[in-house]
Each structure stands twice: as structure tokens, then as C-alpha cells.
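Sharing a model prediction with you, sequence too.
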Amino acid sequence: MFNMIRVTIVLLALSKTGIAHGAGLRGDGNELLKRCQTSTQSLSYENLLDFYWCLGFLEGVNGMLPSTTPPLYCLPEAGSYTQVMQVLVKYLQDHPERLNESQTVLTVDALGAAFPCEP
């Protein structure tokens, strides 16, 4: 687990150094869709970076969840991050008009629509 966290941190650091921006990615829904869509396809060496980037991003968004009251979404206990990635990609594909918005806002909206909290 510790190694996974370390790899995620390194990959996120690399993405902020300009590698992602050099590829024309802007830090909005377009980048989120590109990276997470690639990671939901068959996992290979070529898309491993995107998989860990998307996983790290989702971990970061999910990590801020306990600080919100009431919670913005409630992930199922039996769910997986692969399922969450698929939900996010579907939401982004279904709402192309929002791809210029913040990655975090889009993620919270997607997860809130798919995993609402019980009252």
C-alpha cells in the first residue's frame, strides 16, 4: 500500500512539472476524461501512468470527503476504484459541454449523481 501511495505521489508530481501541460492537457475535464478513459481500457504498460494519475486524483478528491458536511456523495463499501473511474468517464462522455470545468467539480458532480447519500 505504501509503495502505491509513493508511486501515486511521484506520478502526480511529474504531471505538475509540465509533462501533462506539454502534451496539451489543461487541468480541466478534457484532461480528466483523457487520463481516466485510458485507464479504464485494458491496463497495459503504455497506460499505466494514466491509471495511477486517475487513481491518485480520485484518492485526493475522496480524501477531502470527510471534511464536508453533509457528504457530497457516498461510495458503496463494496465498490472499487475501477468502478468509480468507469462512472466518472461515463459522466464526462455524457456531459461534453462541461469539459472546460474544474476536474474536482466534475468529479464531485459525477460521484454525487451516481452515489447519492441516503437521507
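Looks like it arrived, so ask away. Numbers count the residues shown, from 1 in each chain.

After the lowest-mean-pLDDT helix or strand in the chain, which helix or strand is next? Please name it.
Ranked by mean pLDDT, DSSP states H and E, the weakest helix or strand in the chain is helix 20-22, scoring a mean of 43. Sequence-wise, the next helix or strand downstream of helix 20-22 (DSSP states H and E) is helix 29-40.

Make sure Thr82 is actually in contact with Thr40.
Yes. Thr82 lies in contact with Thr40 (C-beta atoms under 8 Å); the separation is 7.1 Å. For every residue, glycine as well, the C-beta is placed using N, CA and C.

The helix ranked longest in the chain relative to helix 29-40, how many degrees between them?
For the chain, the longest helix by residue count, based on DSSP state H, is helix 48-63. Taking axes from the mean of the first three to the mean of the last three C-alpha atoms, to 10 degrees, one finds helix 48-63 and helix 29-40 inclined to each other by 110 degrees.

Summarise which helices and strands the very next helix or strand once past helix 48-63 is packed against.
Per DSSP H and E, the first helix or strand lying C-terminal to helix 48-63 is helix 81-94. Helix 81-94 sits against helix 29-40, helix 48-63, helix 103-114, with contacts defined as 3 or more C-beta pairs under 8 Å, 6 or more residues apart in numbering; DSSP states H and E.

Can I get helix 81-94 as PDB, trimmed to CA atoms?
What follows is helix 81-94, C-alpha atoms only, in PDB (Å, rounded to 0.1, in the frame of the first residue of the first chain):
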ATOM      1  CA  TYR A  81     -11.900   2.500  -7.900                       C
ATOM      2  CA  THR A  82     -12.200   0.900 -11.300                       C
ATOM      3  CA  GLN A  83     -16.000   1.200 -10.900                       C
ATOM      4  CA  VAL A  84     -15.600   4.800  -9.800                       C
ATOM      5  CA  MET A  85     -13.400   5.500 -12.800                       C
ATOM      6  CA  GLN A  86     -16.000   4.000 -15.200                       C
ATOM      7  CA  VAL A  87     -18.700   6.100 -13.600                       C
ATOM      8  CA  LEU A  88     -16.600   9.300 -14.000                       C
ATOM      9  CA  VAL A  89     -15.700   8.500 -17.600                       C
ATOM     10  CA  LYS A  90     -19.400   7.900 -18.500                       C
ATOM     11  CA  TYR A  91     -20.500  11.100 -16.800                       C
ATOM     12  CA  LEU A  92     -17.800  13.100 -18.700                       C
ATOM     13  CA  GLN A  93     -18.800  11.500 -22.000                       C
ATOM     14  CA  ASP A  94     -22.500  12.200 -21.300                       C
END
